[in-house]
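# Structure, please.
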Amino acid sequence: MPVDKPVAMPDVQSRDDRRNVAIDKVGVKNVTYPVTLRTPDGGTQTTVASINMYVSLPHHQKGTHMSRFLEVLNDHNSQPVTPDQIPAIGRAIKAKLDAENAHLELSFTYFIKKLAPVTKAAGLMDYRVTLSVHSNGDDDFVIGVRAPATSLCPCSKEISVYGAHNQRCEIEARVRARGMLWIEDLASMMERAASAEVYAVLKRPDEKYVTERAYENPKFVEDIVRDLALILDADDRIAQYTITSENFESIHNHNAYAEITRDKRAPVA
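Here you go, the predicted model:
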């Protein structure tokens, strides 16, 4: 019996569009996907990322091919990756969809083992991490980390007969790096800028240490971002950064906030 030839299916997305309107970003958003990352000690960590992938669309093309975005993820899921390998996935999206520009954004929870300062009790601290790249011939790659810490108010300490008010703060850094920058490295730099670090596990000797450490190291929200700026300025791997600190005030009904953006590649005025 003769075998019927498969019928060619119409490719609607590739048809011409006559409205003459280009699109900056089109693609898939909030894709839940497992990601395995290499860690500095030679191990790996698997997490679940929320991923956005977009390309630019020329004015003459009706649509993009959404399934190809997921194909790129599947092609790059066989081996653990380091942060500096993320731009290669952005370039693959650009090539796979034959686009002038491609955007890739991954957001996920990342765990770092931290030892308590005195008893060395082990715990896992969670950090919110974003990795994003814009590929348009060059790669604009940004690593973002959000880390919790403690801040203690210098004014409160100075004017009070005893005690001082302190609060949790959230420090965030979005940096463009030269070469390899581990998530752990950036998180450590951020925590050093606070009055004290926070931990997942604290015994009483650790709690005493952290409380006294914060009291001996009071910082306004302005101090935190300035000290972090100096730390990042001293690291040659950091090319550009935007850093923020938000202090969740314990005696005010509002939060305190500060932000610094600096491009170390630009000439100093």
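# Quick one: the helices in the stretch 51-200 of the chain, in order.
For the stretch 51-200 of the chain, the helices defined by DSSP state H, counting those that start in this stretch cover 67-75, 86-96, 154-159, 183-192.
# tell me the strands in the stretch 151-269 of the chain, going along the chain?
With strands called from DSSP state E, counting those that start in this stretch, the stretch 151-269 of the chain shows them at 166-177, 196-197, 238-247, 256-263.
# Need those in CSV (columns: mean neighbour count).
From N, CA and C alone the C-beta is placed, and that goes for glycine too. Below are these laid out as CSV (neighbours: other CB atoms under 10 Å):
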stretch, mean neighbour count
strand 166-177, 20
strand 196-197, 21
strand 238-247, 22
strand 256-263, 14
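# hmm, back to that, dump the helices of the stretch 51-200 of the chain to CSV, plus mean pLDDT.
Shown next, in CSV, are these (pLDDT from 0 to 100):
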stretch, mean pLDDT
helix 67-75, 92
helix 86-96, 93
helix 154-159, 91
helix 183-192, 97
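# Report how many residues lie close to residue 58.
11 (other CB atoms under 10 Å).
# Thought residue 22 was touching it, still the case?
Yes: at 5.8 Å, residue 58 and residue 22 qualify as touching, with contact defined as CB atoms under 8 Å.
# what touches both of these two?
By CB atoms under 8 Å, 6 or more residues apart in numbering, residue 58 and residue 22 have no common neighbours.
# follow-up on the earlier one: residue 128: which of the helices of the stretch 51-200 of the chain is closest?
For these, proximity to residue 128 was assessed by CB to CB; helix 183-192 is nearest, at 10.5 Å.
# buried ones in that closest one?
For helix 183-192, a neighbour-count test (16 or more other CB atoms under 10 Å) marks 183-191 as buried.
# if I pick residue 139, what's in contact with it?
The neighbourhood of residue 139, defined by CB under 8 Å, 6+ apart, consists of 87, 90-91, 133.
# can we see that at 6 Å?
Residue 139 sits next to 87, 133 when contact means CB atoms under 6 Å, 6 or more residues apart in numbering.
# With the one 3 residues further on instead?
Residue 142 makes contacts with 132, 174, 176, as judged by CB under 6 Å, 6+ apart.
# Am I right that the second one is in contact with residue 242?
Yes: distance between residue 174 and residue 242: 4.8 Å, which falls inside the contact criterion (CB atoms under 6 Å).
# Mutual contacts of these two, please.
With CB under 6 Å, 6+ apart, residue 174 and residue 242 have no common neighbours.
# So, low pLDDT: which residues of the stretch 1-150 of the chain?
Applying pLDDT under 70 to the stretch 1-150 of the chain picks out residues 1-17.
# can you do 90?
Within the stretch 1-150 of the chain, the stretches with pLDDT under 90 are 1-21, 58-66, 76-79, 81-85, 137-138.
# Would you map the strands across it?
Secondary structure of the stretch 1-150 of the chain (DSSP E, counting those that start in this stretch): strands located at 23-38, 44-57, 102-115, 122-135, 139-152.
# Of those strands, which stretch is the most buried?
Compared across these, strand 139-152 shows the largest average neighbour count, a mean of 21 (mean count of other CB atoms under 10 Å).
# Run the chain-centre distance for that strand.
For strand 139-152, the separation from the chain centroid amounts to 6 Å (computed by CA atoms, centre = their mean, to the nearest Å).
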